[in-house]
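Asks: please work out how this folds:
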Amino acid sequence: MTLGLAANGSIRQPADVVLYDTYSQPQIDTVDFSRILRNPKTDRIAVYSWNVQPELVTYAAERGAHGYISKTVAAASLVDALE
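Replies: Coordinates of the predicted model:
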């Protein structure tokens, strides 16, 4: 199932993967996404961003993100990464 969710929204249905898109949202180092990770309805979280500075990738991984995907990847590569 695909769900759209605002960054400050609540997760009401189970999700295998939450894709945190940083577009018009705070960068990962300025937001607490641990509430998403703690939600029993989510299994994994991946960050999707144009900003792939190594320190941001490390920051996200150390806090529990299961992936960090550049927005420069082709659609097929995005699907592969999420699968």
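
Asks: going by C-alpha atoms from here, please, whenever you check contacts or count neighbours.
Replies: Fine.

Asks: show me the contacts for the residue nearest to A46 when sequence neighbours are not counted.
Replies: Excluding the flanking residues, the one nearest A46 by Cα to Cα, 6 or more residues apart in numbering is G67, at 4.4 Å. Contacts for G67 were tallied using Cα atoms under 8 Å, 6 or more residues apart in numbering; they are 45-47, 61.

Asks: do the same with H66
Replies: 44-46.

Asks: ok, so of those residues, who is nearest A74?
Replies: A46 (16.1 Å; Cα to Cα).

Asks: list the beta-bridge partners for the closest one.
Replies: L19, G67 (DSSP bridges).

Asks: does it touch A65 like I think?
Replies: Yes. Under the criterion of Cα atoms under 8 Å, A46 makes contact with A65 at 5.7 Å.

Asks: give me the mean pLDDT for the helix or strand hosting D80.
Replies: Using DSSP states H and E, D80 maps to helix 75-82. In this model, helix 75-82 carries a mean pLDDT of 93.

Asks: with stretch 48-59 instead?
Replies: 91.

Asks: tell me the buried residues in it?
Replies: For stretch 48-59, the neighbour count (16 or more other Cα atoms under 10 Å) marks 48-49, 51, 56-57 as buried.

Asks: cool, thanks, talk later.
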